[in-house]
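Student: Here you go, sequence then predicted model.
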Amino acid sequence: MNLNLPADVLKSIDQPAIDLASITAQPISQSVLLGTLLKHLSVVLRDFEVQGFVGVRDEWLSYHAYQQQTVRMLMPNRVETHGVVKSVADDGILMIETPLGLQRFSAGEISLRGVS
């Protein structure tokens, strides 16, 4: 999470980026931000401990930027797979429709770059 990046640093990033200071007129205290994040994280982790991923799955999907997007999956062994993100399973595994059918991915790097 970028809090307050200098303009030259933001310009040097090779993809869209922003910091919190650029989108709010109010000064942001690092301590208050960290405390707020930790407070909310403790609630999510408590729920996760009881329910597992299924308890946060619907909220996760509502924020999932890759949902229904065509992506490239870059695997640790350098194998590349293309497909459309269909969902995230109840156990947190990414579900992608590929030319071989619906596949589950629990490792690798997902990218929208170079996908047509």
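Tutor: Nice, thanks for sending it over. Numbers count the residues shown, from 1 in each chain.

Student: Need the CA coordinates for the strand ranked longest in the chain. CSV is fine.
Tutor: Once the chain is assigned using DSSP state E, the strand that runs over the most residues is strand 80-88. Output in CSV follows, covering the C-alpha atoms of strand 80-88 (Å, rounded to 0.1, in the frame of the first residue of the first chain):
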residue,chain,number,x,y,z
GLU,A,80,2.1,-20.5,-19.6
THR,A,81,-1.7,-21.1,-19.7
HIS,A,82,-4.3,-18.7,-21.1
GLY,A,83,-7.9,-18.6,-20.1
VAL,A,84,-10.8,-16.7,-18.5
VAL,A,85,-11.1,-16.4,-14.7
LYS,A,86,-14.5,-17.9,-13.8
SER,A,87,-14.4,-17.9,-10.0
VAL,A,88,-12.6,-18.7,-6.8
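
Student: Which strands or helices does that strand pack on?
Tutor: When contacts are defined as 3 or more C-beta pairs under 8 Å, 6 or more residues apart in numbering; DSSP states H and E, strand 80-88 packs onto helix 57-63, strand 70-74, strand 94-98, strand 101-105. C-beta: built from backbone N, CA, C; applies to glycine.

Student: List the buried residues of the second one.
Tutor: Of all the residues in strand 70-74, those buried under the rule 16 or more other C-beta atoms under 10 Å are Val71, Arg72, Met73.

Student: Ok, the first one next?
Tutor: Along helix 57-63, these residues count as buried under the neighbour rule (16+ other C-beta under 10 Å): Arg57.

Student: Report the distance from it to the chain centre.
Tutor: Here helix 57-63 is found 11 Å from its chain centre; the criterion is C-alpha atoms, centre = their mean, to the nearest Å.

Student: let's number from 16 now, not from 1
Tutor: Yes, from this point I'll number from 16; that puts the last item at helix 72-78.
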